[in-house]
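Enquirer: Below are the sequence and a predicted model for it; my questions follow.
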Amino acid sequence: MIDKQLKYKKIWIILGLTMIAFVVFQTLTSSPVGSGLKISDKLMHIVGYFGMMGWFVQIFNKRMQQLWLAAGFIILGVVLEFLQGWGGIRHYELADMLANATGVILAWIFAFTRFSVILLWIESGLSRRKQL
């Protein structure tokens, strides 16, 4: 595992929290953005939760932190599905919960690859631009 220190950690966290807010909104609104697209609903769930987990495993790179993140995102997916069912606007689906968990698990697997340093790569590019 690479020991990494992000210079813009607070900004990355704010952007990540914005992603979470967007997913919560998309899950609970009656007409989510992109609902007219011909993309699999389950694929959208996988990608959304992959994105959130993949973002945060780059910021919090210790395995115990990542375990808590994984548990938190999986719980978030379950809770949001129940809220959909109780809200009467959208429907509760077990398959959506499984798709959400799949996205989380896939992102956690990718945390063991070069995928885990994308934010560091962005920061190094920003540092090089400042030097020019």
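Expert: Thanks, I have it.
Enquirer: And the lowest-mean-pLDDT helix or strand in the chain, what does it pack against?
Expert: Scoring the helices and strands of the chain by mean pLDDT, DSSP states H and E places helix 118-131 at the bottom, with a mean of 79. Identification of packing neighbours for helix 118-131 by 3 or more CB pairs under 8 Å, 6 or more residues apart in numbering; DSSP states H and E yields helix 41-59. For glycine as for every other residue, the C-beta is placed from the backbone atoms N, C-alpha and C.
Enquirer: circling back to that earlier point, quick check: angle from the least confident helix or strand of the chain to helix 41-59?
Expert: Taking axes from the mean of the first three to the mean of the last three CA atoms, to 10 degrees, one finds that helix 118-131 is oriented at 60 degrees with respect to helix 41-59.
Enquirer: For helix 118-131, buried residues please.
Expert: For helix 118-131, burial by neighbour count (16 or more other CB atoms under 10 Å) applies to Leu119, Leu120, Glu123.
Enquirer: quick one: the helices in the chain?
Expert: Secondary structure of the chain (DSSP state H): helices at 9-28, 41-59, 63-87, 94-110, 118-131.
Enquirer: Quick check: which of the ones you listed is buried the most?
Expert: helix 41-59 (a mean of 20; mean count of other CB atoms under 10 Å).
Enquirer: What sits closest to the residue nearest in space to the middle of the chain if chain neighbours are left out?
Expert: The centre of the chain sits closest to Met52, judged by CA atoms, centre = their mean, with a distance of 0.9 Å. Leaving out its chain neighbours, the residue that sits closest to Met52 by CB to CB, 6 or more residues apart in numbering is Met19, at 5.4 Å.
Enquirer: Tell me the spacing between the one you found and Arg63.
Expert: Counting by CB to CB, to the nearest Å, the separation of Met19 from Arg63 is 22 Å.
Enquirer: Also Met53?
Expert: In this view, Met53 and Arg63 are 14 Å apart by CB to CB.
Enquirer: now the buried residues of helix 118-131 in JSON lines, with distance to Asn100?
Expert: As requested, the buried residues of helix 118-131 are exported to JSON lines (distance: CB to CB, whole Å):
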{"residue": "Leu119", "distance to Asn100": "23"}
{"residue": "Leu120", "distance to Asn100": "27"}
{"residue": "Glu123", "distance to Asn100": "29"}
